[in-house]
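S.K.: Here is my input, please return the structure:
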Amino acid sequence: MRFTKPSWVMHKDSAAKGEQDAKRLSIFSVHVHPDGSRIATGGLDAKIRIWSTKPIINHASELSNRPPKALCTLSMHTGPVLTVRWAYSGRWLASGSDDEIVMIWDLDPSGRGKVFGSNEVNVEGWKPMKRLPGHESDVTDVAWSPEDRYLASVGLDSQIIIWCGYTLERIRKLDQHQGFVKGVCWDPVGEFLATQSDDKSVKIWRTIDWELEAEIRKPFEDSPGSTFFRRLSWSPDGAHITASNATNNKGMVFIAAVITRGTWTSEISLVGHENTVEVAAYNPHIFLRNPAAPVATSNICSVVALGADDRSVSIWQTKSARPLIVAREVFERQIMDLSWSWDGLTLYAASSDGTLAVFHFEPDELEGIAPHSAQEQYLQKFGFTPPPVPEGYSHGSFAVQERDELSSRNGTPARSSVQPSQAQSQAGFGIGDGINGGEQINRLVAKKSNKKRVQPILMSSVPSAATSTIVPESASAILPQSRAFNGTGPSRSAIDTKPLLPKSRQPSHSASPILDTYAFGDDVEMIDTDVPIEALDTSTSISINKGKRKASALDLTDDRPAKPRTLGGDRPRESIPVREIGQAVGSSAVRSWGGSHLFEGADLLQVPPLLTFLSSKVEGSEDVLEGKNSEGEGPTEVTFSSVKQTQWLDFLPSPIIALTASNMFCAVALQDGSVNVYSHTGRRLMPTLSLGSPCSFIHSCKSSLMILTASGQLHSLNVKKQSAHFPPISVAPLLSPSPNCTIQSATVRHNGAPIIQCSSGVAYSYDPQLSTWIKLSERWWSEGSSVWQGRQRANKDIIATIEGAISTSGESSGADKQRPQWWNTALTLGHLESKLHAAKALDSPAEYKQALLLYAKNVADEGFRGKAEELIKELFGPVFWRPGRDDGWSPTIIGMSKRDLLREVLLVFARSKTLTKLAQDWQDTLKKASNDEHT
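M.R.: Residues are numbered from 1 along each chain as shown. This is a model prediction of the structure:
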């Protein structure tokens, strides 16, 4: 699992004078788009913000800002936005606010540009398509039903309003709750609706007649009424509802209550949070206890996430009595909302402290995850037939029939229409997938193509649900199965015209048929975004309307300037088979292009084999650096390509043996011992480096370049500053301890620190301040350290990756050996101390903090007061230290404040049985020191 908190995801106080003074405002809601490409957040600033997910999950994408982080800011609400929810189609976004309005938003290609009254720029545009008035107080939650047939909204007026998910007309108002309604969710089968209220009840409503099916009160009788929300979630297999804000033992134990379908009783409790559970969210996939067995009730389990006012997130799998993960004190304040991505591998959590936390899992970490098609097939057992979709309406993507055609074409079973029968209650507490399993939807990718310059078009006022008007023919939908602009009347073309395109290619009239880069003025620089929206395909558009109509972007000529000329840019990318030309073992065997020896006597490391084709991809982009060696007398060539087009090329005097590319530069190592460094436009950033020996390993990270030659000399360079991080150093001392020791990998960190992995099970780096090699980690720690990660799957954390790469094969099991007293304690503390030094050397703040808090916990558990005092004094520094007065002590370590770290360490000590008094004394001292700094 990877955990991250992107600092740039924030709702800012517009009253702040500058960017640095901007105060984080509470985020009340977060929701992931069905295609996973973006998230929407709603906050105290009365705005909805849409963000790309790739920069959140992919560090390289975050650094390159490709795609852009912030996509759009929506600001039509006049009060804090309490809830945001994407439709299952991915085309519409629903939001609810303190201003008593539910708003439906649609994609607006003409809405890009500067946000009025601010310096923000919208990379993509979303327009308010429909206002849905009707609530008499704050709208606290909204939810789309399966296949978007209905939209339910709830609020502090104790009302539940059901809207048609296609016409957006009000269908029913339910008013049987006696308190604020703070949560709503739909049965994935489509048969029921569940709501939760401050009247300490969960009510179940039938969708066939909107009458009350059941009321559950028992686990909520003593629940506190002070929470912002009571967000509940229905397991996608339809078996259970997990409801928040429940208690046991007369209100003394905070739980999430699991309500069973059919009996509508709560016999299962999820216990462990130290404060009220505010939100529950099921993973949208069903999970199989035995993946080899068929999908059946007894074989299904589920995963649900809980967010609580104790600032922690827990994730539960129902086949286990204990949670999979408990992330404690993730935020500084309570958790407001949780949202899983549609692939079930990423969980987003929003807090009232104004931050967003992201938990990203690998498929093997969530064992037994089943495809959406399995869940879709499983739901057929209920035999419920949902009401038909209003004829002629869609969300601008495609009709339900087209979905079924695509499903069957791709081997995904679509939900069959069977006779209604009593829904069966499942025996297992399991989780299933959502509503649109197996759904195939159209794609639109906004890329650098077909740029248009259009004149601004006056948009009509946003229609209200109270005024349902028929759209004139001249403004009706361009193609069948699409929505009219205001979403109130049937599309003309859906009624009296025949389709000219396949349904899957029919764009909606509710958004312009082009999503390209528009010109807004010379002072606004628009960024081309590569964020797919899997709810619309606007690559083709044919008008079938008769008579006079307004000119659109399709009618305009393409005045986009021609592609800039580059060296080799007119040549398409070639595919070359990879073949070995010659094997070079040791630099004494390295041969020149003509066959003569170039170097003699230096055979410390192996030289890579000479291949016809080499490549290195730039992380976070489609750019690729490629090297091509001729098998005959042809030239050696290096090219830089993007997708299928060559961007630039260069010819070289010697064959290429290795290359690397970072997001800032490219480097090519030649057989004659020289290295060329290029920018991404093909300009040589440095003079050709002559290292005296061919390259054995080459690696790059940001602006750092590492080259390890066959003679054993390691060079670490800062390309941006055109300087060396330290003088060349030999790796011979690393290989001398063992006669058969070899170097398995050599990489570099962004700060220039090399990482050398040896076959002896030791990882080294070089410390310029100490002028010596240091051990980062070694197999020795696996003999007894309780925090050893060597057997775990590697992740993006560098030290965890290093330990994952250290081989544990051949080591004897510690259980078979007689160990002395204190063995595990000594190795655990020694391992953590070593990790602290390694994290500092490799500039890994997150791992440093993690190791520090683990170290503090182990010291506290053992009651080692001496170690605790020494650690406290090291982090606190001189008692009378003041900024600028004493340069002998640094207040930070790898970018983090030592005293801020000390606060967290003292919290760990304060919870222990032996160091509580020590922690309290130093907490008082730290508080006084902080007050003195501000006076």
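
S.K.: CA only for contacts and neighbour counts going forward, please
M.R.: Noted.

S.K.: Can you get me a residue count around Leu306?
M.R.: If you count neighbours by other C-alpha atoms under 10 Å, Leu306 ends up with 29.

S.K.: now Lys47
M.R.: 22.

S.K.: How about Trp780?
M.R.: Look at Trp780: counted by other C-alpha under 10 Å, it has 15 neighbours.

S.K.: May I ask you to confirm that it belongs to a helix?
M.R.: Yes: Trp780: assigned to a helix according to DSSP: H, G, I helix; E, B strand; the rest coil.

S.K.: In contact with it, which residues?
M.R.: Trp780 makes no contacts at all, as judged by C-alpha atoms under 8 Å, 6 or more residues apart in numbering.

S.K.: Same question for Met336.
M.R.: Met336 is in contact with Ile27, Phe28, Ser29, Phe228, Phe229, Glu278, Val279, Gly307, Ala349, Ala350, Ser351, Ser352, counting by C-alpha under 8 Å, 6+ apart.

S.K.: Can you list the strands that the host helix or strand of it pairs with?
M.R.: For Met336, the enclosing helix or strand under DSSP states H and E is strand 335-340. Strand 335-340 pairs in its sheet with strand 346-351 (antiparallel), by DSSP bridges.

S.K.: The strand it pairs with: how far from the chain's middle?
M.R.: On the basis of C-alpha atoms, centre = their mean, to the nearest Å, strand 346-351 sits 9 Å off its chain's mean C-alpha point.

S.K.: now swap in stretch 685-704 and tell me
M.R.: Between the mean C-alpha location of stretch 685-704 and the chain-wide mean there is a distance of 33 Å, by C-alpha atoms, centre = their mean.

S.K.: Return that stretch as CSV; C-alpha atoms alone will do.
M.R.: Extracted as CSV, the C-alpha positions of stretch 685-704 are listed here (Å, rounded to 0.1, in the frame of the first residue of the first chain):
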residue,chain,number,x,y,z
LEU,A,685,23.5,20.3,-21.8
MET,A,686,27.1,19.5,-20.9
PRO,A,687,30.3,18.8,-22.8
THR,A,688,30.9,15.2,-23.7
LEU,A,689,32.2,13.4,-20.6
SER,A,690,35.2,11.2,-21.1
LEU,A,691,35.4,8.8,-18.2
GLY,A,692,38.3,6.6,-19.3
SER,A,693,36.3,3.4,-19.1
PRO,A,694,33.0,2.3,-20.6
CYS,A,695,29.8,2.5,-18.5
SER,A,696,28.7,-0.5,-16.5
PHE,A,697,25.6,1.1,-14.9
ILE,A,698,23.9,4.4,-15.6
HIS,A,699,20.8,5.9,-13.9
SER,A,700,19.1,9.3,-13.5
CYS,A,701,16.7,10.9,-11.1
LYS,A,702,15.4,14.4,-11.6
SER,A,703,18.6,16.5,-12.1
SER,A,704,21.0,13.8,-10.8
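
S.K.: Could you list the buried residues of it?
M.R.: For stretch 685-704, the neighbour count (16 or more other C-alpha atoms under 10 Å) marks 685, 691, 693-704 as buried.

S.K.: quick one, phi/psi of Ile56?
M.R.: phi -80, psi -40 (degrees, to the nearest 10).

S.K.: Provide a list of residues in contact with the closest residue in space to Pro291 that isn't next to it in sequence.
M.R.: Distances taken as C-alpha to C-alpha, 6 or more residues apart in numbering place Gly368 nearest to Pro291, at 5.5 Å, with adjacent residues excluded. Taking C-alpha under 8 Å, 6+ apart, we find Gly368 in contact with Phe287, Leu288, Arg289, Asn290, Pro291.

S.K.: What is the nearest of the residues you listed to Trp316?
M.R.: Using C-alpha to C-alpha, Phe287 is the member of the contacts of Gly368 that sits closest to Trp316, with 12.1 Å.

S.K.: Chain neighbours aside, what residue packs nearest to Val139?
M.R.: In space, and not counting its chain neighbours, Val139 is closest to Gly155: 4.1 Å by C-alpha to C-alpha, 6+ apart.

S.K.: what do you get for Gly125?
M.R.: Gly111 (4.1 Å).

S.K.: go on, Phe613?
M.R.: Spatial nearest neighbour of Phe613, excluding adjacent residues (C-alpha to C-alpha, 6+ apart): Lys628 at 4.7 Å.

S.K.: mind showing which ranges of this structure have poor pLDDT?
M.R.: Scanning the chain for pLDDT under 70 picks out 15-21, 113-119, 396-563, 569-570, 582-603, 790-795, 807-816, 880-887, 932-935.

S.K.: Now do the helices in it.
M.R.: Secondary structure of the chain by DSSP state H: the helices cover 54-57, 59-64, 372-378, 400-409, 492-496, 732-735, 798-805, 823-841, 845-862, 865-876, 898-910, 916-934.

S.K.: residues in contact with Val905?
M.R.: Shown in contact with Val905 (C-alpha under 8 Å, 6+ apart): Leu852, Leu853, Ala856.

S.K.: which of the residues you listed lies closest to Leu107?
M.R.: Nearest to Leu107, judged by C-alpha to C-alpha, of the contacts of Val905 is Leu853 at 45.5 Å.

S.K.: coming back round to it: need the winner for burial among the helices of the chain.
M.R.: Mean neighbour count (mean count of other C-alpha atoms under 10 Å) peaks for helix 372-378 among these, with a mean of 23.

S.K.: ok, now which ones touch Leu649?
M.R.: Taking C-alpha under 8 Å, 6+ apart, we find Leu649 in contact with Leu567, Gly568, Gly569, Glu637, Val638, Thr639, Phe640, Gly682.

S.K.: Specify the beta-bridge partners of it.
M.R.: In this structure, Leu649 bridges to Thr639 when assessed by DSSP bridges.

S.K.: mind checking how far it is from Ser704?
M.R.: Leu649 sits 23 Å away from Ser704, going by C-alpha to C-alpha, to the nearest Å.

S.K.: Please apply the same query to Arg230.
M.R.: Note on Arg230: its distance to Ser704, by C-alpha to C-alpha, is 49 Å.

S.K.: okay, now Ala308: neighbour count?
M.R.: Neighbour count for Ala308, taken as other C-alpha under 10 Å: 28.

S.K.: let's have the chain start at 896 instead
M.R.: In the new count, where the first residue is 896, that last one comes out as Ala1203.

S.K.: Am I right that it is in contact with Thr1171?
M.R.: Yes: with contacts counted by C-alpha atoms under 8 Å, Ala1203 reaches Thr1171, the gap being 5.6 Å.

S.K.: Now do the shared contacts for these two.
M.R.: The overlap between the contact sets of Ala1203 and Thr1171 (C-alpha under 8 Å, 6+ apart) is empty.

S.K.: and Thr1142, which of the helices of the chain is closest to it?
M.R.: Nearest to Thr1142 among those is helix 1793-1805; the distance by C-alpha to C-alpha comes to 27.2 Å.

S.K.: Run the chain-centre distance for the closest one.
M.R.: Counting by C-alpha atoms, centre = their mean, helix 1793-1805 comes out at 29 Å from the chain centroid.

S.K.: Okay, angle between it and helix 1740-1757 too, please.
M.R.: Here the directions of helix 1793-1805 and helix 1740-1757 differ by 30 degrees (axes from the mean of the first three to the mean of the last three C-alpha atoms, to 10 degrees).

S.K.: I'd like to check the angle between helix 1793-1805 and helix 1760-1771, please.
M.R.: Calculated by the same axes, to 10 degrees, helix 1793-1805 forms an angle of 150 degrees with helix 1760-1771.

S.K.: which of the contacts of Gly1263 count as buried?
M.R.: Using 16+ other C-alpha under 10 Å as the burial test, the contacts of Gly1263 include Phe1182, Leu1183, Arg1184 as buried.

S.K.: Tell me which residues touch the last one, please.
M.R.: For Arg1184, the contacting residues are Asn1194, Ile1195, Cys1196, Lys1214, Gly1263, by C-alpha under 8 Å, 6+ apart.
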